[in-house]
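Q: 3D, please:
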Amino acid sequence: MNLVQVHHSQYFSLGYNYKSRWIGYYNQIKEIHNKEVKSILEIGIGNGIIATFLENMNYNMVTVDIDKKLSPDIVSDINYLPFKTDTFDLIACFEVLEHLPYDQSISILKNMKNISKKHVIISIPDSTPFFRVGFILPIIGKYEKVLPKFYRTNKLPKHKFDGEHYWEIGKKDYHLNKIVNDIKSIGFNIYSTYRMFENPYHRYFSLFKTS
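A: Numbers count the residues shown, from 1 in each chain. This is a model prediction of the structure:
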């Protein structure tokens with residue numbers, strides 16, 4: 001069975017690398033750099049931009065992906081990561097977990113917690129309805145905020161597997177509160193969670209181990 005959902009050529013197309021995604025690359029690098037770590041595992045190498053940039057910043061990078069055509073350091077199914085406990089200072093996993101059934105994603109997060117010495121940073125698609133408010137005023141300066149629209153949780157649409165995503169935040173049975181509670185139950189504290197103003201479809205979680 002072929003477990004690769006996204007053809008490797010997609011990661012190098014302009015359609016995939018739209019403007020706000022490039023801002024996302026910057027955000028991912030900034031999140032990692034702010035943690036003051038040395039060793040990093042990136043799960044899901046994509047086009048390799050994050051790993052290459054961080055390697056040139058003298059981080060000790062290891063990449064893992066199931067698709068050997070993307071040339072990761074290690075080719076592996078994410079369900080069976082070949083690393084010992086407390087191997088890396090930080091694990092980064094951006095837009096990957098939704099490609100697996102939810103129960104598997106939670107199991108993988110547990111494994112990330114074991115492999116990481118402290119930090120885990122992930123991003124997951126968030127389809128929750130929102131407003132964007134942004135302006136620049138004298139003295140106050142620049143203000144940008146992603147605000148949730150009012151909605152009833154029982155009215156959220158059910159997610160249908162589209163060949164890639166098994167689930168997304170903001171769909172029926174995957175409300176943000178559920179995701180937060182499940183992450184905390186694993187043994188993580190959530191340092192921050194937010195949606196980028198430039199690309200609210202991606203929600204970031206900065207996590208650290210409590211035990």
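Q: so where does the closest residue to residue 142 other than its chain neighbours fall, helix or strand?
A: In space, and not counting its chain neighbours, residue 142 is closest to residue 136: 5.0 Å by C-beta to C-beta, 6 or more residues apart in numbering. (C-beta placed from N, C-alpha, C; glycine too.) Using DSSP states H and E, residue 136 maps to strand 130-137.
Q: One more: residue 207?
A: Here residue 207 is covered by strand 202-209, with elements defined by DSSP H and E.
Q: That strand pairs with which strands?
A: Applying DSSP bridges, strand 202-209 is found paired with strand 116-125 (antiparallel), strand 188-195 (antiparallel).
Q: for the protein, what spans make up the helices?
A: 19-33, 49-56, 102-115, 176-186 (DSSP state H).
Q: So what touches the shortest one?
A: This means helix 49-56. Contact with helix 49-56 is made by 25, 28-29, 32, 40, 42, 45, 61, 63, 92, 94, as judged by C-beta atoms under 8 Å, 6 or more residues apart in numbering.
Q: Format the residues you listed as a markdown table; extra columns: neighbour count.
A: Shown next, in a markdown table, are those (neighbours: other C-beta atoms under 10 Å):
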| residue | neighbour count |
| --- | --- |
| 25 | 16 |
| 28 | 22 |
| 29 | 17 |
| 32 | 24 |
| 40 | 24 |
| 42 | 28 |
| 45 | 21 |
| 61 | 22 |
| 63 | 23 |
| 92 | 28 |
| 94 | 21 |
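Q: How many residues are close by the spatially closest residue to residue 23 that is not a sequence neighbour?
A: Computed as C-beta to C-beta, 6+ apart, the closest residue to residue 23 that is not its neighbour in sequence is residue 198, at 4.5 Å. Number of residues near residue 198 (other C-beta atoms under 10 Å) recorded here: 18.
Q: Kindly report the same for residue 106.
A: 16.
Q: what sits against it?
A: 182, 186.
Q: how near is it to residue 149?
A: Counting by C-beta to C-beta, to the nearest Å, the gap from residue 106 to residue 149 is 27 Å.
Q: Stretch 53-63: how far from the chain's middle?
A: Centre-to-centre, stretch 53-63 and its host chain are 18 Å apart (C-alpha atoms, centre = their mean, to the nearest Å).
Q: Just the buried residues of it, please?
A: Residues 53-54, 59, 61-63 are the ones in stretch 53-63 that count as buried (16 or more other C-beta atoms under 10 Å).
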